[in-house]
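K.L.:
sequence unknown, structure follows:
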């Protein structure tokens with residue numbers, strides 16, 4: 001029999017909306033170790049079900065258009081506090097016949113119709129920026145008494161501290177590129193376009209948009225075959241820590257090495273580093289530079 005939350009000795013229930021990557025797995029593990037009962041909804045085609053099940057009291061796969069079913073799942077299990085983790089591949093939304101392949105339930109239609117309705121018929125629609133769409137999801141859950149909080153509240157140790165993370169540090173020229181890229185990335189974040197830029201010699205090689213950081217890095221490598229470029233990844237100026245928090249993992253540094261990049265600068269206290277020991281071992285092996293900075297330090301790096 002399921003324990004009641006009214007029993008002070010019973011584990012505290014929490015919902016986890018898990019998308020792509022290792023980050024949701026780390027969060028589920030940390031929540032379990034801290035004594036939570038984790039009720040996990042894994043986004044179909046994104047979440048690693050096999051790994052997540054090991055750390056969850058209950059697991060269910062949910063389609064991307066099944067917002068009503070997701071709300072009912074948490075309510076059925078008396079979940080009132082929840083968090084989300086992992087990347088959602090937004091490119092799915094622009095595939096042909098997407099809404100026939102991922103048929104939305106009525107709750108999803110009601111909440112997201114203003115974002116995807118054709119402006120030809122209804123004279124305009126809401127924008128489809130990441131914050132707009134993710135904010136709409138959080139608002140929909142809140143209407144049914146399910147409050148989403150930042151995953152980093154449960155795992156603050158995953159937020160990177162300032163400093164040089166690899167054995168190698170940036171050269172003077174690379175520090176100048178960090179400062180140059182940092183200001184550009186912050187402007188992009190203000191517009192909710194993306195979080196990463198690739199630069200070399202104070203020239204922009206690539207900016208992140210819908211494709212994500214790894215593909216942005218690989219595109220920079222294609223455009224700059226000589227390599228040795230710098231990637232800057234930062235939080236948005238008004239970052240909502242409940243979702244879309246900058247995250248790097250082993251895949252990010254693998255993409256950097258494959259593309260011929262040399263430097264990765266990330267924002268201290270606002271960036272999640274997943275599996276840091278493995279990531280840094282790989283970076284050191286390939287003679288990469290990874291630094292974590294706050295904004296004043298990044299801008300001052302060019303001085």
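P.N.:
That came in fine, so what should we check first? Quick caveat, the model's predicted, so the values are computed rather than measured.

K.L.:
show the pLDDT at residue 11.
P.N.:
At residue 11, the model reports a pLDDT of 67.

K.L.:
what ranges do the strands span in the stretch 101-250 of the chain?
P.N.:
147-148, 163-164, 196-200, 203-207, 230-233, 247-248 (DSSP state E, counting those that start in this stretch).

K.L.:
mind giving me the packing neighbours of the first one?
P.N.:
Helices and strands in packing contact with strand 147-148 are listed as strand 81-85, helix 130-142; criterion 3 or more CB pairs under 8 Å, 6 or more residues apart in numbering; DSSP states H and E. In short, each C-beta sits where N, CA and C put it, glycine included.

K.L.:
in a markdown table: those, plus mean pLDDT, mean neighbour count and distance to residue 17.
P.N.:
Formatted as a markdown table, the helices and strands packed on strand 147-148 follow (pLDDT from 0 to 100; neighbours: other CB atoms under 10 Å; distance: least, CB to CB, whole Å):
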| stretch | mean pLDDT | mean neighbour count | distance to residue 17 |
| --- | --- | --- | --- |
| strand 81-85 | 97 | 24 | 4 |
| helix 130-142 | 88 | 17 | 8 |
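
K.L.:
need the ones you listed in CSV with distance to residue 199, can you?
P.N.:
Below are the helices and strands packed on strand 147-148 laid out as CSV (distance: least, CB to CB, whole Å):
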stretch, distance to residue 199
strand 81-85, 29
helix 130-142, 22
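
K.L.:
identify whichever of the ones you listed lies nearest to residue 37.
P.N.:
For residue 37, the closest of the helices and strands packed on strand 147-148 is strand 81-85, at 11.2 Å, according to CB to CB.

K.L.:
how big is the angle separating the closest one from helix 130-142?
P.N.:
Strand 81-85 and helix 130-142 meet at an angle of 150 degrees, taking axes from the mean of the first three to the mean of the last three CA atoms, to 10 degrees as the criterion.

K.L.:
and strand 81-85, what does it pack against?
P.N.:
Judged by 3+ CB pairs under 8 Å, 6+ apart, strand 81-85 is in contact with strand 12-18, helix 23-33, helix 130-142, strand 147-148.

K.L.:
if we go to 7 Å?
P.N.:
With contacts taken as 3 or more CB pairs under 7 Å, 6 or more residues apart in numbering; DSSP states H and E, strand 81-85 sits against strand 12-18, helix 23-33, strand 147-148.

K.L.:
count the neighbours of residue 65 for me.
P.N.:
For residue 65, the neighbour count with other CB atoms under 10 Å is 19.

K.L.:
I'd assumed residue 39 was in a helix, is it?
P.N.:
No. Counting by DSSP: H, G, I helix; E, B strand; the rest coil, residue 39 is not part of a helix but strand.

K.L.:
mind checking how far it is from residue 263?
P.N.:
Residue 39 is 41 Å from residue 263, where distance means CB to CB, to the nearest Å.

K.L.:
the two: which is more packed in?
P.N.:
Using other CB under 10 Å, the more surrounded residue of residue 39 and residue 263 is residue 263, with 28 against 21.

K.L.:
got the phi and psi for that one?
P.N.:
Reported as degrees, to the nearest 10, the phi and psi values for residue 263 are phi -130, psi 140.

K.L.:
doesn't residue 176 make contact with it?
P.N.:
No. Residue 263 is beyond contact range of residue 176, at 11.1 Å (criterion: CB atoms under 7 Å).

K.L.:
give me the mean pLDDT for stretch 226-236.
P.N.:
Rounded mean pLDDT across stretch 226-236 is 97.

K.L.:
shouldn't residue 198 be in contact with residue 220?
P.N.:
Yes. The criterion here is CB under 7 Å, and residue 198 meets it with residue 220 at 3.5 Å.

K.L.:
now do the shared contacts for these two.
P.N.:
Shared contacts of residue 198 and residue 220, defined by CB atoms under 7 Å, 6 or more residues apart in numbering, are found at 205, 206, 229, 261.

K.L.:
quick one, which of the helices and strands packed on strand 147-148 is nearest to residue 292?
P.N.:
Nearest of those (CB to CB): strand 81-85, 20.2 Å.

K.L.:
direction included, what does that closest one pair up with?
P.N.:
Strand 81-85 pairs in its sheet with strand 12-18 (parallel), strand 147-148 (parallel), by DSSP bridges.

K.L.:
what lies in contact with it?
P.N.:
Contact partners of strand 81-85, identified using CB under 7 Å, 6+ apart, comprise 14-18, 23-24, 27, 74, 141, 146-151, 154, 243.

K.L.:
show the buried residues in these.
P.N.:
Those of these that meet the buried threshold are 14-18, 23-24, 27, 74, 141, 146, 148, 150-151, 154, 243, by 16 or more other CB atoms under 10 Å.
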